[in-house]
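Novice: Here you go, sequence then predicted model.
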Amino acid sequence: MPNIFTQNLGETPRQALNWRLGYAILCFGLMGASRGIDEGLISGTVQQKAFISKYHLKDPLLSESEKANLLGNITAMVQIGSIGGALLAFLITDKIGRLWATRQLCLIWITGIIIFITSNGRIGQVYAGRFIAGLGIGQTAVVAPTYLAEISPRAIRGLCICTFSGAVYLGIMLSYFASWGSALHISSHSQNQWIVPTSLHLMFAGIILLLSIGVHESPRFLASKGKKEEAAATMSKIRNLPEDHPYVQTEMLDIFEQVEREKEATLGLGWIGPLKELFMTPSNRYRIMLGLMSQLLAQWSGANSITIYAPTFFAMLGTTGQSEKLFATAIFGVVKLVASLVCALFLVDMLGRKRALTYGIILQFLSMLYVAIYLAVVPEITEHFKPMGNAKRAGTAAIVAIYISGVGWALGWNSIQYLINAEIFPLRVRALGSSMVMCFHFANQYGNSKAVPSMLLETAMKPQGTFFFFAAVTLLGLVWMWFFLPETAGKSLEAMDEMFNLPWYVIGRKGAALTAGAGHAENYMRDDVEKVIQREVSHEEQVTSSEKNNNLTPTTVQHQKYQISGYINTKATGTTDVEHGVRIPPARDLMGSMDTRGITINLESS
């Protein structure tokens with residue numbers, strides 16, 4: 001069956017899908033585990049008897065609201081730190097590069113976790129350690145998706161970026177099982193019951209730090225710093241193709257043109273340039289709206305709340321016993337991991353962003369609605385009431401609905417909230433835009449994780465009201481997505497500008513259909529070749545001594561339909577109109593010292 005993935009993969013050389021690309025994806029994709037490990041571990045840690053006793057989570061002297069507030073502070077402190085981390089990523093990523101930003105965030109992450117696990121009952125040190133860890137973890141959501149978007153071939157960009165969201169679930173699953181295993185095999189009187197699982201943080205931070213040694217810097221970052229020769233050489237290595245290969249040249253031409261356009265637009269504005277460009281340009285304001293709304297709707301759809309407080313929710317639905325709750329939670333982690341892998345490998349690029357999000361939201365909405373109805377109909381489970389018969393079977397179905405909601409989240413919001421954020425922003429404001437959106441992401445995640453314990457209280461929304469709220473948000477997200485979210489699958493990062501320059505009321509519903517997928521260089525060449533072919537112009541020409549003396553170098557450019565053979569003029573200083581009306585747009589230092597501003601070509605249908 002034809003789909004976006006297979007259609008665009010046909011334009012991608014086989015050599016571009018190589019071990020260097022895979023290694024870089026592994027290194028930066030694993031950063032998603034930082035968030036998953038924390039969300040999964042803290043849900044089990046606050047259920048461990050040793051931790052509860054040491055930090056007085058069930059102190060009889062505290063009121064129910066005070067207990068909920070203490071629990072919320074502990075779980076949400078990483079989210080507060082992550083807000084600062086996302087801001088820090090903007091300041092660092094465009095200064096020292098994506099690679100060194102990765103290394104410093106790993107060191108901050110490790111430092112915070114060490115402070116946390118050595119707290120020994122001091123609640124202030126718990127807050128401090130988790131806040132510092134958040135400064136590192138928060139940066140991953142900016143640095144990793146940005147890097148993955150910048151190095152990925154556009155045909156598999158969704159797959160590459162979704163390795164980050166998939167790693168979130170890898171971290172969740174491992175941390176759930178670590179908590180379950182420690183509850184079974186480590187005494188509840190030992191602090192090791194929660195310290196041993198927490199060491200997963202240190203393991204992953206160390207692995208990512210070591211892997212970063214063998215990764216190349218982003219060619220787009222290098223180009224933005226004026227290092228054009230190094231950018232082209234790096235892209236050549238990542239694509240496993242020579243620098244003069246048409247695929248590499250086309251990518252670099254688009255990158256260099258975008259860099260030049262953005263520099264001209266912000267010339268003389270200094271540090272305020274990116275800010276002005278982000279907020280004063282209508283197309284960028286639309287991008288900001290997409291980023292902020294996707295985070296708001298995703299974070300309040302309930303999925304992260306279930307991840308963080310999974311044992312509590314499973315207890316509400318009839319799962320009793322500490323190890324049983326943790327085991328059900330661990331199985332939930334497996335379901336989410338498998339779902340995220342299937343979505344990343346097969347669905348996000350094949351279905352497209354919009355259709356995948358539609359299916360995911362529908363699954364999540366139906367699941368949340370069923371759980372809400374169950375909690376509203378069946379009395380609360382206590383020591384004096386255990387559901388029997390139909391009520392018990394309905395409770396089992398509610399647990400299955402929780403699992404299904406995880407599948408819907410993996411297919412929908414979890415993939416899209418990182419993918420869209422990494423794809424939509426122009427190069428010059430990519431780090432700033434991503435940082436701003438991820439600050440909003442963590443602010444909402446903090447608000448959500450802090451609010452849910454209080455929302456569940458009988459004096460507030462109660463469990464059923466909380467799930468009705470989640471269902472309403474998912475339904476609102478479906479409506480918003482249909483009107484405003486454009487399809488970005490199969491489009492190069494540089495080609496996004498064309499789509500976002502359309503009228504705002506057209507972008508979401510028709511933007512993808514009205515714009516092409518490639519960047520300026522490829523579009524110009526393909527469009528002009530089409531015009532020539534339609535006029536049935538066929539021209540063949542041999543290299544003459546005059547052409548050799550005029551610095552014309554033979555070249556061949558491969559396209560989806562045509563082969564363009566001819567000569568690159570390495571000394572031309574202006575735009576050259578080529579024979580038969582074929583025109584190639586100006587390129588600035590396409591391959592380092594080779595200043596390609598004009599091309600004389602022969603046309604052959606391939």
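Specialist: In hand now; what should we look at? The structure displayed is predicted, hence computed values, not measured ones.

Novice: Please name the residues that touch the closest residue to Ile37 other than its chain neighbours.
Specialist: Spatial nearest neighbour of Ile37, excluding adjacent residues (C-beta to C-beta, 6 or more residues apart in numbering): Gly171 at 3.8 Å. Bear in mind the C-beta positions are built from the backbone N, C-alpha and C, glycine included. Counting by C-beta atoms under 8 Å, 6 or more residues apart in numbering, Gly171 touches 32-40, 200, 204.

Novice: Show the residue spans covered by the helices in the stretch 51-200 of the chain.
Specialist: 64-117, 123-151, 157-185, 192-211 (DSSP state H, counting those that start in this stretch).

Novice: Let me know the pLDDT of the residue nearest to Ile37.
Specialist: Per-residue pLDDT puts Gly171 at 90.

Novice: And Gly32, by the same measure?
Specialist: 90.

Novice: check contacts around it.
Specialist: 140, 144, 163-168, 170-171.

Novice: Please report how far it lies from Ala410.
Specialist: According to C-beta to C-beta, to the nearest Å, Gly32 stands 12 Å off from Ala410.

Novice: Which pLDDT value does the model give the nearest residue to Leu211 once chain neighbours are set aside?
Specialist: Leaving out its chain neighbours, the residue that sits closest to Leu211 by C-beta to C-beta, 6+ apart is Cys27, at 4.0 Å. We have a pLDDT of 94 for Cys27.

Novice: My guess is Cys27 contacts Ile213. True?
Specialist: No: counting by C-beta atoms under 8 Å, Ile213 is not a contact partner of Cys27; they are 9.3 Å apart.

Novice: Which one's more surrounded, these two?
Specialist: Neighbour count, other C-beta atoms under 10 Å: between Cys27 and Ile213, Cys27 has more, with 23 against 9.

Novice: Centre of the chain to the helix or strand where that one lies, how far?
Specialist: For Cys27, the host element (DSSP states H and E) is helix 19-29. A distance of 15 Å separates the centroid of the chain from that of helix 19-29, by C-alpha atoms, centre = their mean, to the nearest Å.

Novice: name the helices or strands packed onto it?
Specialist: Helix 19-29 is packed against helix 64-117, helix 123-151, helix 157-185, helix 192-211, helix 228-239, with contacts defined by 3 or more C-beta pairs under 8 Å, 6 or more residues apart in numbering; DSSP states H and E.

Novice: model confidence over the host helix or strand of Phe440, on average?
Specialist: Following DSSP H and E, one finds Phe440 within helix 427-455. Across helix 427-455, the average pLDDT comes to 82.

Novice: Tell me the buried residues in it?
Specialist: 427-446, 448-455 (16 or more other C-beta atoms under 10 Å).

Novice: can you check stretch 189-196 too?
Specialist: 191, 193-196.

Novice: Keeping just the C-alphas, turn it into PDB.
Specialist: What follows is stretch 189-196 as a C-alpha-only set of coordinates in PDB (Å, rounded to 0.1, in the frame of the first residue of the first chain):
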ATOM      1  CA  HIS A 189      13.400  -1.600  56.400                       C
ATOM      2  CA  SER A 190      16.400  -0.900  54.100                       C
ATOM      3  CA  GLN A 191      16.800   2.400  52.200                       C
ATOM      4  CA  ASN A 192      18.300   0.300  49.400                       C
ATOM      5  CA  GLN A 193      14.800  -0.600  48.500                       C
ATOM      6  CA  TRP A 194      14.500   2.700  46.700                       C
ATOM      7  CA  ILE A 195      18.200   3.600  46.200                       C
ATOM      8  CA  VAL A 196      19.000   0.600  44.100                       C
END
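
Novice: Mind putting the contacts of Gly32 into TSV with distance to Val473?
Specialist: TSV is the format used below for those (distance: C-beta to C-beta, whole Å):
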residue	distance to Val473
Thr140	25
Ala144	26
Thr163	27
Phe164	24
Ser165	19
Gly166	24
Ala167	25
Val168	20
Leu170	26
Gly171	25
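
Novice: Contacts only, for the closest residue to Phe221 other than its chain neighbours.
Specialist: Closest residue in space to Phe221, ignoring its immediate chain neighbours: Gly97 at 5.4 Å, by C-beta to C-beta, 6+ apart. Shown in contact with Gly97 (C-beta under 8 Å, 6+ apart): 217-218, 221.

Novice: 10 Å - rerun?
Specialist: 143, 147, 217-218, 221-222, 224-225 (C-beta atoms under 10 Å, 6 or more residues apart in numbering).

Novice: Pass me the low-pLDDT residue ranges in the stretch 201-350 of the chain, would you?
Specialist: Within the stretch 201-350 of the chain, the ranges that satisfy pLDDT under 70 run 262, 264-271, 273, 321-322, 344-349.

Novice: returning to that earlier point: give the intersection of the neighbour lists for Cys27 and Ile213.
Specialist: With C-beta under 10 Å, 6+ apart, Cys27 and Ile213 have common neighbours Leu99.

Novice: ok, now how distant is Val142 from Leu148?
Specialist: Distance from Val142 to Leu148, by C-beta to C-beta: 11 Å.

Novice: Need the phi and psi values for Asn488.
Specialist: Residue 488: Thr, not Asn. phi -110, psi 0 (degrees, to the nearest 10).

Novice: what number of residues lie near the closest residue to it other than its chain neighbours?
Specialist: Nearest non-adjacent residue to Thr488, counting by C-beta to C-beta, 6+ apart: Glu423, 5.1 Å away. For Glu423, the count of nearby residues is 26 (other C-beta under 10 Å).

Novice: tell me the contacts of Glu423?
Specialist: Here Glu423 is in contact with 145-146, 149, 152, 154, 157-158, 161, 287, 290, 353, 416, 430, 488-489, 491-493, 496 (C-beta under 10 Å, 6+ apart).

Novice: Show me where the stretch 351-500 of the chain has its helices.
Specialist: With DSSP H, counting those that start in this stretch as the criterion, the stretch 351-500 of the chain has helices spanning 353-377, 389-411, 413-423, 427-455, 462-484, 496-500.

Novice: right, so of the ones you listed, which gets closest to Gly302?
Specialist: helix 462-484 (3.1 Å; C-beta to C-beta).
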